[in-house]
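Engineer: My questions concern the predicted model and sequence given below.
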Amino acid sequence: ADVCLLMVPADGNFTTAIQKGDHKAAQVQGQTRQHCLLLNLLGIKQLIICINKMDDKTAGYKEERFTEIKKEMQRMAVGVG
């Protein structure tokens, strides 16, 4: 595949989905972060990130929440590879 579509939750699960985790401290790595690592290993360099669940109370269709998630995902994607 040349391109991948990655769905990211805008609700309270976002922080869980992107957490770094630490196996030595028995902390689980977030699923979205794991997916980004796998995509990098598969050689997929083009990534479309969709922000889901913007209707949740946490997000409330707010542009600030969208921008916050967008910036965090950009940092994470660059950091992962």
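Structural biologist: That came through fine. Since we're looking at a predicted model, the values are computed, not measured. Numbers count the residues shown, from 1 in each chain.
Engineer: Could I get the full set of strands for the chain?
Structural biologist: Counting by DSSP state E, the chain has strands at residues 3-9, 46-52.
Engineer: Asp55 and Ile49: what is the separation?
Structural biologist: 18 Å (CB to CB, to the nearest Å). Where C-beta positions appear, they are placed from N, C-alpha and C, glycine not excepted.
Engineer: Which one of those two is surrounded by more residues?
Structural biologist: Set Asp55 next to Ile49 and count neighbours by other CB atoms under 10 Å: Ile49 wins out with 17 against 10.
Engineer: Please look at the more buried one and Glu72 and confirm they touch.
Structural biologist: No: look at Ile49 against Glu72 with CB atoms under 8 Å: they stay out of range, at 10.5 Å.
Engineer: Give me the below-cutoff pLDDT ranges for the protein.
Structural biologist: 1 (pLDDT under 70).
Engineer: Provide a list of residues in contact with Pro9.
Structural biologist: 17, 51-53 (CB atoms under 8 Å, 6 or more residues apart in numbering).
Engineer: Now with 7 Å, please.
Structural biologist: 17, 52-53 (CB atoms under 7 Å, 6 or more residues apart in numbering).
Engineer: could you dump those to JSON lines with distance to Met7 and neighbour count?
Structural biologist: Listed next are these as JSON lines, based on distance: CB to CB, whole Å; neighbours: other CB atoms under 10 Å:
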{"residue": "Ala17", "distance to Met7": "10", "neighbour count": "18"}
{"residue": "Asn52", "distance to Met7": "5", "neighbour count": "14"}
{"residue": "Lys53", "distance to Met7": "9", "neighbour count": "15"}
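Engineer: Nearest to Met76 among these?
Structural biologist: Ala17 (9.9 Å; CB to CB).
Engineer: Apart from its chain neighbours, what residue comes closest to that closest one?
Structural biologist: In this structure, Ala17 finds its nearest non-sequential neighbour in Thr32, 4.0 Å apart by CB to CB, 6 or more residues apart in numbering.
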